[in-house]
Structures are given as C-alpha cells and as structure tokens.
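Engineer: Fold the following for me, if possible:
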Amino acid sequence: MFSSTLKTIDKLKKILAKDPQSKIFAALAEAQRESRNLDEAEATAHKGVLRHPQYAGGFLALGRVLLDRQKFKEAVPLLKRATELDSQNLLAHQLLGTAFIQLKEPKEALKAFKAVLFLNPASAKARSAV
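Structural biologist: Down below sits the predicted model:
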C-alpha cells in the first residue's frame with residue numbers, strides 16, 4: 001500500500017506542477033497526510049487555500065492536517081470556513097466537533113455534532129457525542 005500511496009503522490013505532484021491553479025492540491029495534501037508527511041501536507045494545503053479561498057475541500061484538507069498535528073486551535077477556523085463554504089459537508093462538521101472536544105469546548109462541539117445529526121441522523125459518532 002505504501003508504494004501505491006507514493007505513486008499517487010508523485011502523480012498528483014506532476015498534475016499540480018503542470019497546473020498550479022488546480023484544485024488537485026487538496027487530494028495531494030490528503031495523500032501526503034495519509035503517508036504521515038505532515039510538514040509537506042500542511043505546506044501543500046496552505047498554498048492551495050491561498051490560491052482557492054472559496055474551495056471548501058482545501059480548508060478541509062488543511063484542517064485535517066492540523067488535527068493530525070494536534071493543532072486544534074489552528075484547525076477550528078479552517079474547519080469553520082469549510083462549513084461556511086459548504087454547509088452540507090458532513091466531514092467538516094464532524095472534524096470541527098472533534099476539534100472542539102479536544103479544546104474542551106463542549107457547547108461548540110455540541111453545535112457541530114448537531115449539524116452532523118441534521119445532515120445524517122444515523123451518525124452513531126454524532127449521537128454519542130451529543
């Protein structure tokens with residue numbers, strides 16, 4: 001699996017090099033995050049959101065990297081931005097709730113997980129959080 005992830009990363013880097021304005025940066029940052037190259041993933045996602053400030057997927061990718069780095073306070077505004085740009089983004093709401101739990105902000109976590117339940121009433125994780 002590891003070699004296939006590296007091949008994917010190489011492929012995505014080539015696409016981004018040919019078209020620096022591509023939104024493929026989010027997929028690249030996610031692949032880098034999954035391969036535990038968090039420095040590179042954060043840099044890729046950060047550059048991408050600067051180029052695409054209206055792309056929820058970019059903010060979500062950067063937020064996920066920051067959560068992995070346990071930078072919960074930094075992740076919150078990015079995940080909030082993802083939910084503002086795409087109010088139906090279930091993962092963004094879920095990760096935002098997770099960040100608030102880590103920051104010991106139960107009221108904010110409750111709001112985020114209620115949004116998850118609104119979008120997906122069957123979410124066991126959101127139900128247990130609420």
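Engineer: Now do the buried residues in the longest helix seen in the chain.
Structural biologist: Looking across the chain with DSSP state H, the single longest helix is helix 2-18. The neighbour-count check on helix 2-18 (16 or more other Cβ atoms under 10 Å) flags 8, 9, 12, 13, 16 as buried. From N, CA and C alone the C-beta is placed, and that goes for glycine too.
Engineer: Run through the residues that contact the third one.
Structural biologist: Think residue 12. Listed by Cβ atoms under 8 Å, 6 or more residues apart in numbering, the contact set of residue 12 reads 24, 27, 28, 31.
Engineer: Check the last one too.
Structural biologist: Going by Cβ under 8 Å, 6+ apart, residue 16 touches 22, 24, 25, 28.
Engineer: how far away is it from residue 73?
Structural biologist: The gap separating residue 16 from residue 73 is 29 Å, by Cβ to Cβ, to the nearest Å.
Engineer: Then the fourth one?
Structural biologist: Taking Cβ to Cβ as the measure, residue 13 and residue 73 are separated by 30 Å.
Engineer: ok so, going back, on the C-terminal side of the longest helix of the chain, identify the next helix or strand.
Structural biologist: Using DSSP states H and E, the helix or strand that directly follows helix 2-18 along the chain is helix 25-34.
Engineer: Give me the buried stretch members for the next helix or strand after that following helix, please.
Structural biologist: Downstream of helix 25-34, the next assigned helix or strand under DSSP H and E is helix 38-51. For helix 38-51, burial by neighbour count (16+ other Cβ under 10 Å) applies to 38, 40, 41, 42, 44, 45, 46, 47, 48, 49.
Engineer: do the same with stretch 62-76
Structural biologist: So stretch 62-76, judged by 16+ other Cβ under 10 Å, has buried residues 62, 63, 64, 65, 66, 67, 71, 72, 74, 75, 76.
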